[in-house]
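>>> Here's a sequence, model it:
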Amino acid sequence: MPLAIAHSRAQVGVSAPSVLVEAHLSNGLPSLTLVGLPETSVKESKDRVRSAIINAGLSFPAQRITLNLAPADLPKDGGRFDLAIALGILASSGQIPLAALDNIECLGELALSGAIRAVQGVLPAALAARDAGRTLVVPRENAEEASLANGLKVLASEHLIELVAHFNGKQELPLFRSDGLLLVPRPYPDLNEVQGQPAAKRALIVAAAGSHNLLFSGPPGTGKTLLASRLPGLLPPLAEHEALEVAAIQSVTSYVPLSSWPQRPFRHPHHSASGAALVGGGSRPQPGEITLAHHGVLFLDELPEFDRKVLEVLREPLESGEIIIARARDKTRFPARFQLVAAMNPCPCGYLGDTTGRCRCSPDQIERYRNKLSGPLLDRIDLHLTVARETTSLNPVRGDGESTAQAAERVSAARDLQLQRQGCANAFLDLPGLRQHCQLQQADEQWLEAACERLTLSLRAAHRLLKVARTLADLDGEASIARAHVAEALQYRPAAG
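Okay, here's the model as predicted:
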């Protein structure tokens, strides 16, 4: 009997390595053997495939069937290989031509009736199939998602019998043509709905313009959470490659990844989240909140209420823009280029320094509360701002400052300058880029060095301060950094200790 080979894709993190499904029929007692490091859900596919083939009116071979999922050392899980397994059996038994499987890749779970069900992680597989120059066969529910990979030929089918008829030339399936994504963007809350707080709004605009991390500190009810929720509306739209990365991450965690595409993600985990929930993990590593916030915003409210060990896992991703989860068998890389926005109270009761004088915390309680945040973590946050209580007014102030649309225009203009000059936001400048694009006049440099000595700032803090100053200059449309920009950036850095 001939050997049939069907192409499919596994899911490892947000990548889709190639898997060959080899099907061979031989004489002997009827049996089906599945090898190639399959997990339980893949082992169960032989029962789904047998029923699907029979209920589709096709013949299931009464022979010895051997199925190999290669490479053998790559773990396979899920029902995504059902369709490739079924087509391999049908090709090896002569029910469809062997050549029909040469230039296609298959993804899909089979129902017992032969219907093809949606699977997760289609977009990474679609991008890989496009690069390999093959046509991708997917369930109809996943066709819109697969079509996001421009230049990919997509065949969408609802039932196994449709594919058999297509491969036998009886009823050809047309290539899927997307009508375009008819997504209605969620309206962002407006910045001028936040009453007062001009300094906090200014810091929010600066953070958006340079993709800087931001920490708000202040008593309860001063608008810290309201301000943080306005940040996504200030950020420029996602570029095409960024939108595909965001959609690919959503694809491996949800069956419906297009619900918010192509908007920037805004993740708001509860302070009881574990380290694995935040950065990802598990015996089969899954993406965490920082990956789900890739190219978007990660908002941590009540920052000191998070477990200190949980917060410490953010230190490396904040610098590198990725997280590598190592297990005994292998390593999995997840992208994590997110913008951190955090909010906290100044003390356990929240009223330290408040004009109401209601704070009853002892110095020891305040010190223990603040010690939950380590110096290295705070050092990685570019902008620190105290949000003070303002006069309470139940009547909304109309036109209070810039609207989100007005501020977003200034942010986009500043981002365009950065992309033209260095190809990335100021917060992501490396050391050579910092020295090239954040140069100061000699007198200003000496003045900054003296200020850093007085405030006992680390060299990392000084570099981040320069990046903020560069963003302030970009907002003003200035080619060089002036002392006024450096002075304002210094106001956002707390003294060490």
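
>>> quick one, domains of this protein?
3-167, 191-421, 429-497 (automatic domain parsing).

>>> Let me see the contact set for the residue nearest to residue 475 when sequence neighbours are not counted.
With C-beta to C-beta, 6 or more residues apart in numbering as the criterion, residue 475 has its nearest non-adjacent residue at 5.0 Å, and that residue is residue 414. All C-beta atoms are positioned from the backbone trio N, CA, C, and that covers glycine. By C-beta atoms under 8 Å, 6 or more residues apart in numbering, the contact set of residue 414 is 209, 210, 471, 474, 475.

>>> coming back round to it: burial-wise, tell me which of the domains of the chain comes out on top.
domain 3-167 (a mean of 20; mean count of other C-beta atoms under 10 Å).

>>> Now the terminal residues of that one, how far apart.
17 Å (C-alpha to C-alpha, to the nearest Å).

>>> pLDDT value on the residue nearest to residue 475, please?
pLDDT recorded at residue 414 is 96.

>>> picking up where we left off before, which of the contacts of residue 414 sit farthest apart?
Farthest-apart pair in the contacts of residue 414 is 210 and 475; separation 8.7 Å (C-beta to C-beta).

>>> for the biggest strand by length in the chain, packing partners?
Using DSSP state E to define each element, the chain has its longest strand at strand 18-26. Strand 18-26 sits against strand 3-9, strand 64-70, helix 82-92, with contacts defined as 3 or more C-beta pairs under 8 Å, 6 or more residues apart in numbering; DSSP states H and E.

>>> the inter-axis angle of it versus strand 3-9?
160 degrees (axes from the mean of the first three to the mean of the last three C-alpha atoms, to 10 degrees).

>>> Strand 64-70 and strand 18-26, what's the angle between them?
Using the same axes, to 10 degrees: strand 18-26 against strand 64-70 is 160 degrees.

>>> Each with direction, which strands does the helix or strand following strand 18-26 pair with?
Next helix or strand after strand 18-26 toward the C-terminus (DSSP states H and E): strand 31-35. The pairing partners recorded for strand 31-35 under DSSP bridges are strand 64-70 (parallel).

>>> what's the average pLDDT for the strand it pairs with?
Strand 64-70 comes out at a mean pLDDT of 95.

>>> outside of that strand, which residues touch it?
Outside strand 64-70, the residues touching it (C-beta under 8 Å, 6+ apart) are 19-38, 42, 46, 76, 81, 85, 88-89, 92.

>>> shaky segments in the stretch 51-200 of the chain?
180-185 (pLDDT under 70).

>>> can you rerun that using 90?
Along the stretch 51-200 of the chain, the parts satisfying pLDDT under 90 run over 73, 75, 144-145, 148, 150, 177-197.

>>> for it, what spans make up the strands?
For the stretch 51-200 of the chain, the strands defined by DSSP state E, counting those that start in this stretch cover 64-70, 104-106, 109-110, 116-117, 135-139, 154-157.

>>> Of all these, which one is nearest residue 465?
strand 135-139 (48.3 Å).

>>> Okay, now the sheet partners of that closest one, with direction.
Per DSSP bridges, strand 135-139 is paired in its sheet with strand 104-106 (parallel), strand 154-157 (parallel).

>>> Tabulate those strands in a markdown table, adding columns for distance to residue 238.
Shown next, in a markdown table, are the strands paired with strand 135-139 (distance: least, C-beta to C-beta, whole Å):
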| stretch | distance to residue 238 |
| --- | --- |
| strand 104-106 | 27 |
| strand 154-157 | 22 |
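
>>> Go through those and name the closest to residue 112.
strand 154-157 (16.8 Å).

>>> For residue 242, give me its contacts.
residue 295.

>>> The same query, at a cut-off of 10 Å, please.
Residue 242 makes contact with 262, 264, 294, 295, 296, 337 under the criterion C-beta atoms under 10 Å, 6 or more residues apart in numbering.

>>> Three-state assignment for it, please.
helix (DSSP: H, G, I helix; E, B strand; the rest coil).

>>> thinking again about what came up before, can the strands of the stretch 51-200 of the chain go into TSV with extra columns for distance to residue 249?
Below are the strands of the stretch 51-200 of the chain laid out as TSV (distance: least, C-beta to C-beta, whole Å):
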stretch	distance to residue 249
strand 64-70	25
strand 104-106	21
strand 109-110	21
strand 116-117	22
strand 135-139	19
strand 154-157	21
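
>>> Show me the common contact partners of residue 210 and residue 475, please.
By C-beta under 10 Å, 6+ apart, the residues touching both residue 210 and residue 475 are 411, 414.

>>> that older thread, before we move on, which element is the residue nearest to residue 475 in?
helix 404-422.

>>> and that helix, C-alpha only, in CSV?
Listed next in CSV are the C-alpha coordinates belonging to helix 404-422 (Å, rounded to 0.1, in the frame of the first residue of the first chain):
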residue,chain,number,x,y,z
THR,A,404,-8.6,62.1,23.9
ALA,A,405,-8.7,62.8,20.2
GLN,A,406,-6.7,66.1,20.5
ALA,A,407,-4.1,64.5,22.8
ALA,A,408,-3.8,61.4,20.5
GLU,A,409,-2.9,63.7,17.6
ARG,A,410,0.0,65.1,19.5
VAL,A,411,1.0,61.6,20.6
SER,A,412,0.9,60.3,17.0
ALA,A,413,3.0,63.3,15.8
ALA,A,414,5.7,62.6,18.4
ARG,A,415,5.6,58.8,17.7
ASP,A,416,6.1,59.6,13.9
LEU,A,417,9.2,61.6,14.7
GLN,A,418,10.6,58.7,16.7
LEU,A,419,9.9,56.1,14.0
GLN,A,420,11.5,58.3,11.3
ARG,A,421,14.5,59.1,13.5
GLN,A,422,15.3,55.7,15.2
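
>>> can I assume residue 457 is in contact with residue 384?
No - using C-beta atoms under 10 Å, residue 457 is not in contact with residue 384, being 11.8 Å away.

>>> what touches both of the two?
By C-beta under 10 Å, 6+ apart, the residues touching both residue 457 and residue 384 are 493, 494.

>>> mind listing the helices for the stretch 151-300 of the chain?
160-167, 198-210, 224-229, 231-234, 240-253, 275-279, 289-292 (DSSP state H, counting those that start in this stretch).

>>> separation between the residue lying closest to residue 210 once chain neighbours are set aside and residue 451?
Excluding the flanking residues, the one nearest residue 210 by C-beta to C-beta, 6+ apart is residue 471, at 3.3 Å. Distance, residue 471 to residue 451, by C-beta to C-beta, to the nearest Å: 18 Å.

>>> do the same with residue 197
26 Å.

>>> What of residue 382?
16 Å.

>>> likewise residue 420?
30 Å.

>>> so where's the stretch 251-400 of the chain shaky on pLDDT?
251-264, 281-286, 325-332, 346, 349-363, 366, 370-372, 375, 388-400.

>>> Please enumerate the strands of it.
266-267, 280-281, 286-287, 297-300, 322-326, 331-335, 339-344, 383-386.

>>> who does the second one pair up with?
Paired neighbours of strand 280-281 in the sheet (DSSP bridges): strand 286-287 (antiparallel).

>>> again, but for the longest one
Looking at strand 339-344 with DSSP bridges, its paired strands and their directions are strand 214-217 (parallel), strand 297-300 (parallel).

>>> quick one on the thing from earlier: in CSV, list the C-alpha atoms belonging to the longest strand of the chain.
Only the C-alpha atoms of strand 18-26 are listed here, as CSV (Å, rounded to 0.1, in the frame of the first residue of the first chain):
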residue,chain,number,x,y,z
SER,A,18,5.6,21.9,10.9
VAL,A,19,4.2,18.4,11.5
LEU,A,20,4.1,15.6,8.9
VAL,A,21,1.2,13.1,9.3
GLU,A,22,2.4,9.9,7.7
ALA,A,23,-0.3,7.2,7.0
HIS,A,24,0.6,3.6,6.0
LEU,A,25,-1.7,0.7,5.4
SER,A,26,-0.5,-2.9,5.5
